[in-house]
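Peer 1: take a look and give me a structure for this.
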Amino acid sequence: MEKCKEWFLAARHRLLACVRRRVGNEVDEELLLSRVATKVVRAVAEERVPAREEDLLPYTMRALCREAVHALQHSRRQAKAERMYYNETVLSSQNSEADEDDRHYHLRRAVKALPPEQAEVLLLRIWEEQTFASIARSLSQPESTVRSRYRAALLAVKRMMNPLTVKTEL
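Peer 2: Reported below is the predicted structural model:
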């Protein structure tokens with residue numbers, strides 16, 4: 001076991017050069033080399049590989065190649081997943097902006113399609129934030145008329161915005 005560690009330390013630069021050619025990232029190189037070192041030491045401890053240099057070198061090189069391939073596959077999968085996540089996020093935010101613009105467009109069309117007296121009450125109540133009493137005074141109408149026009153306007157707008165899911169009751 002000690003002989004294996006000595007050999008590994010002596011061959012470290014040569015092994016690092018091999019890893020560098022395959023991986024090209026210093027952090028990944030060190031990680032890859034430490035994984036391979038652990039595997040080699042374990043293989044020697046379990047007596048699957050003799051602790052002689054002529055046996056250690058081929059085993060270590062094969063292990064390095066396998067680990068490099070796995071590391072590259074992993075980084076490619078991770079990059080692909082990140083790209084997919086980024087694309088989904090960008091597309092969903094673009095779609096939500098488009099959906100919101102679409103909703104505003106349909107809302108403006110729905111309000112324009114209302115009878116003028118309903119549209120006026122709706123706009124005064126929602127956008128001007130006036131009370132029913134103040135709307136009734138400004139329009140010289142009974143408050144009950146203002147309330148019924150408001151309810152009728154809301155129901156009509158809801159039906160125009162989403163005709164399949166609107167209930168007939170408010």
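Peer 1: tell me the gap between the lengthiest helix in the chain and the middle of its chain.
Peer 2: Ranked by residue count, the top helix of the chain under DSSP state H comes out as helix 53-113. Averaging C-alpha positions (Cα atoms, centre = their mean, to the nearest Å) puts helix 53-113 8 Å from its chain's average.
Peer 1: quick one: name whatever helix or strand follows it.
Peer 2: helix 116-126 (DSSP states H and E).
Peer 1: and the angle for that next one with helix 53-113?
Peer 2: Per axes from the mean of the first three to the mean of the last three Cα atoms, to 10 degrees, the angle that helix 116-126 makes with helix 53-113 is 130 degrees.
Peer 1: now do the buried residues in helix 116-126.
Peer 2: Across helix 116-126, burial judged by 16 or more other Cβ atoms under 10 Å covers 118-122, 124-125. Where you see a C-beta, it was placed from the backbone N, CA and C, and this is true even at glycine.
Peer 1: follow-up on the earlier one: what packs against the longest helix of the chain?
Peer 2: Counting contacts by 3 or more Cβ pairs under 8 Å, 6 or more residues apart in numbering; DSSP states H and E, the secondary-structure elements packed against helix 53-113 are helix 2-22, helix 26-45, helix 116-126, helix 143-161.
Peer 1: pLDDT averaged over stretch 69-87 - what is it?
Peer 2: Across stretch 69-87, pLDDT averages out at 74.
Peer 1: do stretch 105-112 as well
Peer 2: Averaging the model's pLDDT scores along stretch 105-112 yields 84.
Peer 1: residues in contact with that stretch: which ones?
Peer 2: Contacting residues not belonging to stretch 105-112 are listed as 119, 122-123, 156-157, 160-161 [Cβ atoms under 8 Å, 6 or more residues apart in numbering].
Peer 1: picking that back up, got the angle between the longest helix of the chain and helix 143-161?
Peer 2: 140 degrees.
Peer 1: pLDDT weak spots in the chain?
Peer 2: Counting by pLDDT under 70, the ranges of the chain that qualify are 1, 24-27, 85-100, 163-170.
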